[in-house]
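Asks: here is the input, now give the coordinates:
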Amino acid sequence: MTTNNLLYLFLIFALIGSTFSNPSFIPFTPEEEHNLVEKYGQVFKPTNQLRSSYLTGSKNKAHHRADVVFDTKIPSLNPDQTGAVKSIECGTDGNITLTIKDDNYLKMVENWPKGNLMLLISHQWECFGKQTTQFFLAGNKTIDAQKLQVEFTTTEPCEVMKWSNSFSLDMIWEKPTNPKENFSNLKSKSKLKRRGRLAEALADKSTIDIDKSNTIDLNILYDEETGKSSKPNIPLIKIGQNIAKNGTGLDESLLCQNCFVKGQATISLHIEGHSLPTPEITNATISMDGDLNFNFDLKVNNGIGVAPSTPDIQIAELPLSPLGVPGLFNIGPSIILAASAKVSTAVTGTLYTGGSISYPQFHMSASLLDSQKPNFQQFGFDAKTTPKEPTVGVTVSGGVSGSLKPQLALSVDVMNGLLQAKTGFQVITTLGADITVGAESGCSNLKQPHIETALSGGLGFFVQSVNLPTFSFPKKVIGEKCV
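Replies: Numbering: from 1, shown residues only. Okay, the predicted model is just below:
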């Protein structure tokens, strides 16, 4: 089934910077036969369970791992998953030839079942002019013992769903473990996922690894060398939205002096489906774990007039490198940074205030099917704040605030449109500064301005076409002093 009525982002596209280079999935091949036996309970032969596993990097480092399983109606084989095949060649005559590693594996081929079998050819092989995941019905097997080759002289592309009873897809973030422990626990892990309890296992925050090499990079407007914004002094009020005190309509009156977002995230995905009477997704959940930090420094430049809440100004949108396996699934993340401002009372003079806000360990998970309730879960969005030392050069009381709104969106496509979905969240954080001058300031020197800096905000989620209720953060004073 194809899920309709997707939620599309309403912000105007503006690309700043470059696309991040997260690693792509590559097929994972067991290195030793005993690993193969422990992992699958079988040796080099076709079965009715077609498996493929993929990693985003070395198995010795933390990585995203994807496991795809088809329960097939006929014997099937993924040559890359066996540890027995050196190369695959798709000839101009329509034949498919497997070159085997040694005689021991070649002898196993003699005991394969007769008749057609289904072959999965992964995207690492160019086959008949294509380099994507392909499935073939293959027959008329011949063995060349001298060349260590198995050739199928009858091949026909096939739709894997028509030759399968059911399938599952699981993508997780995985730490490196002892290989024997990892393989021996695979069956129990698989049962856990099939029961739809993936979120329970992921709730164990000890599974989050700080190795950033294979995570999704959430940095936007962040300069790694300076630790500051790559685009300082961003105007938060456009010309025409506000008339500055000098009447010129300058948009430099209220600036986001040093604003950026940095962080990382890992994604987990569980998909189940069946093929009868028609191919259908029956369970689809996605989870995200990570950390998010952003810096927000406001500056009033030579005074500013009253400006009610302004429309969002999009600062940047960055499409992040997708996670996926060609022909099987794709997750396309993107991050957007927007901002808005509000001036409740005209401010004369200059003002600088700011702070850093972090969500060091957040988690979100949701169902991706319109037919299911959103079943959204989240935790870890309790903001941790660090205020900056303010400077004030004003002589009249006033109030000003600015909001940063980073939004992370995930587009999911499974089996070339069998499931299409979009989900994500937006963190809205507002930094406000109220300046009081005179008798009400509480300062010993009545000419001294008193400044109170506070944070407030909310957290909004969307799943498919459903906008979920926003969680509001209570106002929190992070700084208060006479300056």
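Asks: from the chain's centroid, how far away is stretch 287-297?
Replies: 13 Å (Cα atoms, centre = their mean, to the nearest Å).
Asks: I meant stretch 155-162, not that one.
Replies: So, by Cα atoms, centre = their mean, the centroid of stretch 155-162 is 31 Å from its chain's centroid.
Asks: quick check: buried residues in that stretch?
Replies: Within stretch 155-162, the residues scored as buried using 16 or more other Cβ atoms under 10 Å are 155, 158, 160, 161. In short, each C-beta sits where N, CA and C put it, glycine included.
Asks: strands - which of those residues land there?
Replies: By the criterion of DSSP state E, membership of the buried residues of stretch 155-162 in strands covers residue 155.
Asks: adding distance to residue 360 and pLDDT, write the buried residues of stretch 155-162 out as JSON lines.
Replies: JSON lines is the format used below for these (distance: Cβ to Cβ, whole Å; pLDDT from 0 to 100):
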{"residue": "155", "distance to residue 360": "53", "pLDDT": "93"}
{"residue": "158", "distance to residue 360": "48", "pLDDT": "94"}
{"residue": "160", "distance to residue 360": "42", "pLDDT": "93"}
{"residue": "161", "distance to residue 360": "42", "pLDDT": "91"}
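Asks: tally of neighbours for the residue lying closest to residue 236 once chain neighbours are set aside?
Replies: Excluding its sequence neighbours, the residue lying closest to residue 236 (Cβ to Cβ, 6 or more residues apart in numbering) is residue 341, at 3.9 Å. Residue 341 sits with 27 neighbouring residues when counted by other Cβ atoms under 10 Å.
Asks: hang on, the earlier thing: which one among the buried residues of stretch 155-162 gets closest to residue 149?
Replies: Relative to residue 149, the closest of these is residue 155; by Cβ to Cβ it sits at 15.0 Å.
Asks: surely that closest one touches residue 98?
Replies: No: in this structure, residue 155 is not within contact of residue 98 by Cβ atoms under 8 Å, at 11.9 Å.
Asks: give me the low-pLDDT residue ranges for the stretch 201-350 of the chain?
Replies: 201-214, 238-252, 303-310, 345-346 (pLDDT under 70).
Asks: where do the helices of it begin and end?
Replies: With DSSP state H, counting those that start in this stretch as the criterion, the stretch 201-350 of the chain has no helices.
Asks: strands of that one, start to end?
Replies: Assigned strands in the stretch 201-350 of the chain, in chain order: 216-217, 222-223, 228-229, 234-235, 254-256, 260-274, 280-300, 313-319, 323-325, 329-345, 349-367 (criterion: DSSP state E, counting those that start in this stretch).
Asks: what does the fourth one rub up against?
Replies: With Cβ atoms under 8 Å, 6 or more residues apart in numbering as the test, strand 234-235 has contacts from 251, 252, 253, 254, 255, 256, 259, 313, 315, 339.
Asks: what sits against the last one?
Replies: For residue 339, the set of contacting residues under the criterion of Cβ under 8 Å, 6+ apart consists of 234, 236, 256, 259, 312, 313, 315, 402, 403, 404, 405.
Asks: and the fifth one, how many neighbours?
Replies: As a burial measure, the neighbour count of residue 312 was computed by other Cβ under 10 Å and equals 15.
Asks: same question for the one 4 residues further on.
Replies: The tally of other residues near residue 316 (other Cβ under 10 Å) stands at 20.
Asks: still on that earlier bit, greatest separation within the buried residues of stretch 155-162: which pair is it?
Replies: So, the buried residues of stretch 155-162 by Cβ to Cβ: farthest apart are 155 and 161, at 18.8 Å.
Asks: if we can go back for a sec, out of the contacts of residue 339, which end up buried?
Replies: Using 16+ other Cβ under 10 Å, the buried ones in the contacts of residue 339 are 234, 236, 256, 259, 313, 315, 402, 403, 404, 405.
Asks: put the alpha carbons of stretch 101-110 into PDB.
Replies: Provided in PDB are the C-alpha atoms of stretch 101-110 (Å, rounded to 0.1, in the frame of the first residue of the first chain):
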ATOM      1  CA  LYS A 101      36.100 -19.400  -2.900                       C
ATOM      2  CA  ASP A 102      37.200 -23.000  -2.600                       C
ATOM      3  CA  ASP A 103      36.300 -26.700  -3.300                       C
ATOM      4  CA  ASN A 104      34.600 -27.200   0.000                       C
ATOM      5  CA  TYR A 105      31.900 -24.600  -0.900                       C
ATOM      6  CA  LEU A 106      31.700 -25.900  -4.400                       C
ATOM      7  CA  LYS A 107      30.900 -29.400  -3.200                       C
ATOM      8  CA  MET A 108      27.900 -28.000  -1.200                       C
ATOM      9  CA  VAL A 109      26.500 -26.700  -4.500                       C
ATOM     10  CA  GLU A 110      26.100 -30.300  -5.700                       C
END
